[in-house]
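>>> Got a predicted model here, sequence first, then my questions.
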Amino acid sequence: MKTLRLQTVLYEGATAVANRALLAAHLLAAQRSAAYLTSRTQAFEVSIGIACADQASQDAASDVVRSVTSMRPEVVRLPGNVGHGQGHNRLWEALGPTDFLVIQNPDGQLAFDTLTQLMRALADGANIALAEARQLPFDHPKAYTENGEVVWASGACFMVEGRVFSEVGGFDPLFFLHGDDVDLAVRIRLAGHGIRYVPSARFFHAKDIDCGSGRIAPSARESHYGRLGALLLARRYNPRALSHMTRELRHSRDPEAIAILEELRSLDDPLASALGAASGPSVLPIHGWDFGRHRY
């Protein structure tokens, strides 16, 4: 029997009323998508469990996880906020390997057929090891081929073969919040596996929107780790882009920008040195601070 596990990492604040509601909707949508998959899929016998890490050790968050779904999700408690990728690594270690692993954010909802669409992408025989869902209402700018193959994938929602996740060592804990998903996808691709963007697999992702611009309004924390993650990725995979990015931050004279550069210097990355000439725009194209151009 093939096994499939959905993993979600909870952060501090999961007990707030709004976040509890989001989590309840998240789990119910996952249960519905899992039920549709098991009713429709003929080539696989899939058992599904939802694993959530309550990083703030909040009893109320655990109660929500256990009470809103009949799937009996397993809850792994972490000693503190170890970060997004490391939280998923701890879940993988605690719950054991699985044939297929779904990574998803707790502030989003799977469509009824999302798991089915992602599984089909992995099963088409094209050496695809990771299939990424389409985020709604906003998605990342990204280049892809006619077959949907991409250079990197977002960790908001994707399905990956468990053996490949294990083969590349899971997420790199060097990335605390942002960039760990891009790094994982690039390492999977460098290991010889394909990555596919699946627009028919929908993930409805809740985001704060700026009423004036209509664009996503990141929090100060998201902005900090977003820029730090982009710099870590550029240092590892695209040194030419790194020089432009660091110059921009230095010239901004923004104290927060200077603090980010100091933090970057304090984080040692042996893999960046090991890659050497193997890194460059062909490994991870960077346009400004994005890893692809907007198509609209």
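Yep, it's here.
>>> Show me the shaky parts of the stretch 51-200 of the chain.
Regions of the stretch 51-200 of the chain meeting the criterion pLDDT under 70 cover residues 51-62.
>>> where along it do the helices fall?
Counting by DSSP state H, counting those that start in this stretch, the segments of the stretch 51-200 of the chain that form helices are 59-67, 84-95, 114-122, 162-167, 180-190.
>>> Now do the longest one: which elements does it pack against?
To tie it back to what came earlier, the one meant is helix 84-95. Judged by 3 or more CB pairs under 8 Å, 6 or more residues apart in numbering; DSSP states H and E, helix 84-95 is in contact with strand 2-10, strand 46-54, strand 74-77, helix 180-190. C-beta: built from backbone N, CA, C; applies to glycine.
>>> Let me have these in a markdown table, extended by mean neighbour count and distance to residue 141.
Formatted as a markdown table, the helices and strands packed on helix 84-95 follow (neighbours: other CB atoms under 10 Å; distance: least, CB to CB, whole Å):
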| stretch | mean neighbour count | distance to residue 141 |
| --- | --- | --- |
| strand 2-10 | 22 | 25 |
| strand 46-54 | 21 | 30 |
| strand 74-77 | 16 | 34 |
| helix 180-190 | 23 | 13 |
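>>> got the angle between the lengthiest strand in the chain and helix 180-190?
Looking across the chain with DSSP state E, the single longest strand is strand 194-205. When axes from the mean of the first three to the mean of the last three CA atoms, to 10 degrees is applied, the directions of strand 194-205 and helix 180-190 differ by 160 degrees.
>>> mind saving the C-alpha coords of strand 194-205 as CSV?
This file holds the C-alpha atoms of strand 194-205, laid out as CSV (Å, rounded to 0.1, in the frame of the first residue of the first chain):
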residue,chain,number,x,y,z
GLY,A,194,12.0,17.0,-12.5
ILE,A,195,9.7,19.6,-10.9
ARG,A,196,6.3,20.4,-12.3
TYR,A,197,3.9,23.3,-11.8
VAL,A,198,0.3,22.0,-11.9
PRO,A,199,-2.2,24.9,-12.4
SER,A,200,-5.2,22.5,-12.2
ALA,A,201,-4.1,21.7,-8.6
ARG,A,202,-5.5,24.7,-6.6
PHE,A,203,-4.4,25.9,-3.2
PHE,A,204,-6.4,28.9,-1.8
HIS,A,205,-3.8,30.8,0.2
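>>> Please list the outside residues in contact with the following helix or strand past that strand.
The C-terminal neighbour of strand 194-205 among helices and strands, as given by DSSP states H and E, is helix 220-237. Contacting residues not belonging to helix 220-237 are listed as 174-180, 182-183, 186, 218, 241-242, 245-246, 249, 256-257, 260-261, 263-264, 267, 269, 271-272, 275, 279-280, 283-284, 286, 289, 291 [CB atoms under 8 Å, 6 or more residues apart in numbering].
>>> Could you tell me which of those residues count as buried?
174-180, 182-183, 186, 218, 241-242, 245-246, 249, 257, 260-261, 263-264, 272, 275, 279, 283-284, 286, 291 (16 or more other CB atoms under 10 Å).
>>> re the thing from before, now for the longest strand of the chain, which elements pack on it?
In terms of contacts (3+ CB pairs under 8 Å, 6+ apart), strand 194-205 is packed against strand 108-110, helix 114-122, strand 128-136, strand 157-161, helix 180-190.
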